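1. Just a sequence and a predicted model for now, questions to come.
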Amino acid sequence: MLANYVVVYNHRFEKHKATLLQAFRNAYGGQEKLAHKLVSMNKSTDLTTSIELEIALSARWFEKGWNRENAMTTVFNLTPENWFSNSMAPLLVRYSSYYSERNPGQKPRVGQ
């Protein structure tokens, strides 16, 4: 439904085009709140939307030049001491994999 809204919005406001990621980010009040929502969506039956948004969010962080540590501290507010017990850890682990696939020469350091 929101995807249809974005299509209509982009058709009506051609100079101010939006992406589905921007729409969700704005709807949930920023990327941190969207990341929290994605964690809960991954536990529901709407996995397709959740996966698409998670990939888009990961791509955005990667394009910003954020490594795992940047995402860990900027979005998730995690420290090495608490990230294993935090509900956001699975999303960080998936971003870590996304990041590693695009930077094969670097060793993962999250949680070590």
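-> Ah, there it is.

2. what are the ranges of the helices in the chain?
-> Taking DSSP state H as the test, the helices found in the chain are 2-12, 20-28, 31-41, 47-63, 68-74, 89-102.

3. now these as JSON lines including mean pLDDT and distance to Asn82?
-> Every residue, glycine included, has its C-beta placed from N, CA and C. Converted to JSON lines, the helices of the chain look like this (pLDDT from 0 to 100; distance: least, CB to CB, whole Å):
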{"stretch": "helix 2-12", "mean pLDDT": "69", "distance to Asn82": "33"}
{"stretch": "helix 20-28", "mean pLDDT": "77", "distance to Asn82": "23"}
{"stretch": "helix 31-41", "mean pLDDT": "78", "distance to Asn82": "15"}
{"stretch": "helix 47-63", "mean pLDDT": "84", "distance to Asn82": "20"}
{"stretch": "helix 68-74", "mean pLDDT": "83", "distance to Asn82": "10"}
{"stretch": "helix 89-102", "mean pLDDT": "85", "distance to Asn82": "9"}
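
4. would you list the ones you listed in JSON lines and tack on distance to Glu81?
-> What follows is those, written out as JSON lines (distance: least, CB to CB, whole Å):
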{"stretch": "helix 2-12", "distance to Glu81": "37"}
{"stretch": "helix 20-28", "distance to Glu81": "27"}
{"stretch": "helix 31-41", "distance to Glu81": "20"}
{"stretch": "helix 47-63", "distance to Glu81": "22"}
{"stretch": "helix 68-74", "distance to Glu81": "12"}
{"stretch": "helix 89-102", "distance to Glu81": "12"}
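
5. For Pro80, find the nearest of those helices.
-> For Pro80, the closest of the helices of the chain is helix 68-74, at 8.2 Å, according to CB to CB.

6. Need the helices of the chain in a markdown table (columns: mean neighbour count).
-> Below are the helices of the chain laid out as a markdown table (neighbours: other CB atoms under 10 Å):
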| stretch | mean neighbour count |
| --- | --- |
| helix 2-12 | 11 |
| helix 20-28 | 16 |
| helix 31-41 | 17 |
| helix 47-63 | 16 |
| helix 68-74 | 18 |
| helix 89-102 | 17 |
